[in-house]
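> one predicted model, sequence on top.
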Amino acid sequence: MPFLEESVTNALTPWPSLQKKGPGRRGLLLALAAIFVAVHFFLVANFATAADHFDFASVNRYAQQRSVKIYGAGGMRQLEAYQSGMLVSSEGHVATAQSLVLDQDEATVVLGDGRRYTGRVVGVDLVAEVALLKIDAEGEELPHFDLSRTPDVFTGMRLLAFSNLYNVATGDEPVSVLHGSLSAIAPLEARRGAFATRYRGEVYIVDAATNNPGAAGGVLVDLAGNPIGMLGKEVRSQVTGAWLHYALPWSQVAASVEKIRSGRRDPSSTELSSTAPELPERPATFDSLGFHLLPNVVPRTPPYVDYVTQGSLAQGAGILPDDLVLAIGGRITGTRTEVERALSHVGLGERLLVTILRDDQLVEVELKPSESKE
Amino acid sequence: MNRSQTKNRKKTPGLAVGLAPSCGELARGSELTIHDGASPTANGGFFRLLVVGMLLLPGAHSSRAQSLERTTLEQLEEQAFRSAVLHAAGSIVQLRIIGGAERVDGVTMAEGPTTGVVLSSDGYVVTSLYRFVPPPVTVLAILADGKQFAAKVVATDQSRKLVLLKLQNAEGLAVTEPAPADSYRVGQWAIALGQTYRADRPNVSVGILSAKRRIFGRALQTDAAVSAANYGGPLIDIEGRVLGILAPMSPGSEKAIAGVDWYDSGIGFAVPLEAWMPAMERLKTGKDLQRGVLGVTLSEGSPRETPAKIKEVISQGPAAEVGIEVGDLVTQINGQPIATHNDLKFAITPHYAGDTLTLTLERDGQSQEVEVTLTTIAHLQELAKE
């Protein structure tokens, strides 16, 4: 319980000055003080398990004490040489985003109280882009976020994000805090420059400008200070085209840290298979199904059927030229490219449900390959 | 916090959910009703005694008491957000745009779906014009329960940047509930919803109503994050009723996608829905709605100071047709006093071409009323060519 010691100490602080008021008063106050302490224990114990809610100042202090600033390589070609991180063990493990800032395998870690340490990179999870550093704070019990927490997360919940965005906290002072709400829990569909992000699992999308230069690796907490996630890097959403403010879920942060700490240095292979669905070795093709779409003549070419092969599955199912293919096997297809992508998920010879638009009507047809055609 | 502060704050009554938020500040006002926020297991009377005891002493305890009360308040707020979203969620649809442009006016358009709001159980849906310039090949509407409908464009409100769609063969859809226009209060909670990141539930952005009558009387303003993630979606109140339909807008331009560069900036706009419902009925006829114009220019001056004196009357335009002359001073429109150029612009801009307004004019010291039917800018441009 992080606040307990602090609160009890504060409770007793006014005591000496009140002693002057005489013994009768003193007895009463002593009793009251005792009641305070009792109530404190009672409340703290109660709320530690129930909700863990505290006032903003306390939550802010709590999170800032556990947030760090990281300075490392970079600083060229508009790449920042700084980012954010968080303490995740009492012996000085720091979780952060994997990035070029950590390229030297060492980085300067500045704690919330301004103390500086050298952080050594323990390992990285290349898919989730989580890195773990270790600072050498011998004999110290460092305050840290609990990786075993399983916070209650829901759309619309209010959040606080702690990070050193834009390196505004240039000196020894703690990181900045932003407030917002959880906008959505959705798969990460984003790009960094021309490249799609590797992690395709669900992330927490936030309605405040949490992801800015230097914010990556910062912590997202609920109003009680419970860690919810780790702020991601600057990416653009493929869905909206806009800058995306998101965080990696806390369970993923914990899993990545656990993998790195347990010495599995290359978790990427297992990770990839768990985040991306398995594709069939021999996927269905236009030729195997017997319909062909208009060529990709313009960006976002709508998936109109160009022609249907005589005697094909498509013809048997009643697909006609000029049909617009709107879904394949339940995957919505707005472009020719999306049809190709959807087909890559369908094995050759599998039954296939195709949704088409014909004369403003949605029509579903089923392509049923017979055994002999496989 | 010291005692005098505590005392002062006592004057602030408990915070009603639905007032403007300021994460910490307002919540502090209600700290003294701690018994409501205490553990349900505690005996009320005994607990109150303890609380009174705590408040008698300065120090950390008042802040502790405060945090307990705030817990309740914030939980209530979050609960209120949740139930508001739930109330509205059933009538929001995801719209998949098939075809459509990749870039418009040099702006790269979103690739993902956009959002619509169901206005009738038989499938009339309103959305933002944002993804409909140029018109897409077709639109697929996906309900939260997975049902899919082909959607056709019925007509477009070019002034308010909204498009009316009709879902083909739809029936029994959940219909949205517009919030009454007289309930709008600047500072009230305003939650922006989109159905963009997933089809089964909305994405949520929480803010407040920042202003009314923006974009010359056509839009509400909010500080909730508004972007391609929720254009076409509803801005709802804390009860889940729809204040307005989110759309990119700009006070400086009437272009279809003007205002997209203000995404997520703290300045977002929504077309107030209740007042727009008659416009929806007009769109059902299949004819687009355009901003209405009078066909006059005003004498030079400052928009906020100079009286609305007519400098030019465009030949055969609406004003000319009803005998408005150069030198006339517009003093009222539909009974509302007009003192400046700005007043005139605010009074006319919300109206569509085809609307008839009553203008009170002053000519040679005499006051007279005329009825004018507004026309479109395109029509005026044609007249100017002749």
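Yep, it's here. Since we're looking at a predicted model, the values are computed, not measured.
> which residues in the stretch 151-300 of chain A form helices?
Taking DSSP state H, counting those that start in this stretch as the criterion, the stretch 151-300 of chain A carries its helices at A:250-261, A:268-275, A:286-289.
> residues touching the residue in the stretch 51-200 of chain B that chain A sits nearest to, list them.
Among all residues of the stretch 51-200 of chain B, B:Gly112 sits closest to chain A, at 3.1 Å; criterion: C-beta to the nearest C-beta. C-beta here means a position set from N, CA and C on the backbone, and glycine is covered the same way. Contact analysis of B:Gly112 by C-beta atoms under 8 Å, 6 or more residues apart in numbering or on different chains lists A:Glu189, A:Ser237, A:Gln238, A:Val239, A:Thr240, B:Thr196, B:Tyr197, B:Ala228.
> where are the low-confidence patches of chain A?
Across chain A, residues meeting the criterion (pLDDT under 70) sit at A:1-54, A:74-79, A:264-277, A:370-374.
> not counting sequence-adjacent ones, nearest residue to A:Gln104?
Distances taken as C-beta to C-beta, 6 or more residues apart in numbering or on different chains place A:Ala73 nearest to A:Gln104, at 4.8 Å, with adjacent residues excluded.
> next, count neighbours for the one you found.
When neighbours are defined as other C-beta atoms under 10 Å in any protein chain shown, A:Ala73 has 16 of them.
> one step back: dump the contacts of B:Gly112 into CSV; add neighbour count as well.
Shown next, in CSV, are the contacts of B:Gly112 (neighbours: other C-beta atoms under 10 Å in any protein chain shown):
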residue, neighbour count
A:Glu189, 18
A:Ser237, 25
A:Gln238, 16
A:Val239, 25
A:Thr240, 28
B:Thr196, 29
B:Tyr197, 25
B:Ala228, 27
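> which one of those sits closest to A:Gly225?
Using C-beta to C-beta, B:Tyr197 comes nearest to A:Gly225 of these, at 26.7 Å.
> confirm the closest one sits in a helix?
No: looking at B:Tyr197 with DSSP: H, G, I helix; E, B strand; the rest coil, it is coil, so not inside a helix.
> contacting residues for it?
When contacts are counted by C-beta under 8 Å, 6+ apart, B:Tyr197 is found next to A:Ser183, A:Ala184, A:Ala186, A:Ile205, A:Val239, B:Gly112, B:Asn203, B:Ala229.
> from those, which would you call buried?
For the contacts of B:Tyr197, a burial check counting by 16 or more other C-beta atoms under 10 Å in any protein chain shown picks out A:Ser183, A:Ala184, A:Ala186, A:Ile205, A:Val239, B:Gly112, B:Asn203, B:Ala229.
> contact residues of the stretch 251-374 of chain A facing chain B?
The stretch 251-374 of chain A comes close to chain B at residues A:299-303, A:324, A:326-327, A:332, A:334-335, A:355, A:357, A:360-362, as judged by C-beta under 8 Å from any C-beta of the partner chain.
> gap between the residue nearest to A:Gly112 when sequence neighbours are not counted and B:Thr138?
In space, and not counting its chain neighbours, A:Gly112 is closest to A:Pro174: 4.2 Å by C-beta to C-beta, 6+ apart. Taking C-beta to C-beta, to the nearest Å as the measure, A:Pro174 falls 53 Å from B:Thr138.
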